[in-house]
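[1] following is a predicted model, sequence given first.
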Amino acid sequence: MIPRADMTVKEVSAPPNLFCRSGHTAPPIFQTGPTKFFSVNSDVDPNVNGVYCEPCLIVAHAMAAKNRR
């Protein structure tokens, strides 16, 4: 049996004001192009549901990986 994911992440269009659910306005350019935004939905913790910028998801992923060690 394949385990069910407790979180889904889907790329979405940038919000008009570039506002990230983390509480800031994202930079219009990240790395080599426009900043990407992702809709995050969790069945485990609905407080994380929202639209996040790519830089925030990269930091969150790095922090989670560090905590798993």
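    Cool, got the structure.

[2] give me the contacts around stretch 22-33.
    14, 17-20, 34-37, 52-56 (CB atoms under 8 Å, 6 or more residues apart in numbering). Using the backbone N, CA and C atoms, a C-beta is placed for each residue, glycine as well.

[3] give the buried residues for stretch 26-44.
    26, 35-38, 40 (16 or more other CB atoms under 10 Å).

[4] inside helices: which ones of these?
    Among the buried residues of stretch 26-44, no member falls in helices (DSSP state H).

[5] which PyMOL command selects the buried ones in the contacts of stretch 22-33?
    Selection of buried members from these for PyMOL, criterion 16+ other CB under 10 Å:
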select buried, resi 19+20+35+36+37+52+53+54+55+56
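
[6] pick the one among the contacts of stretch 22-33 closest to residue 7.
    Nearest to residue 7 among the contacts of stretch 22-33, counting by CB to CB, is residue 52 at 11.6 Å.

[7] skipping its backbone neighbours, what lies nearest residue 12 in space?
    residue 39 (4.8 Å; CB to CB, 6 or more residues apart in numbering).

[8] mind listing what that neighbour touches?
    Counted by CB under 8 Å, 6+ apart, residue 39 has contacts 9-12, 50-51.

[9] which residues touch the residue nearest to residue 11 when sequence neighbours are not counted?
    Distances taken as CB to CB, 6+ apart place residue 38 nearest to residue 11, at 5.5 Å, with adjacent residues excluded. Counting by CB under 8 Å, 6+ apart, residue 38 makes contact with 9-12, 51-54, 57.

[10] in strands, which of those appear?
    9-12, 51-53 (DSSP state E).
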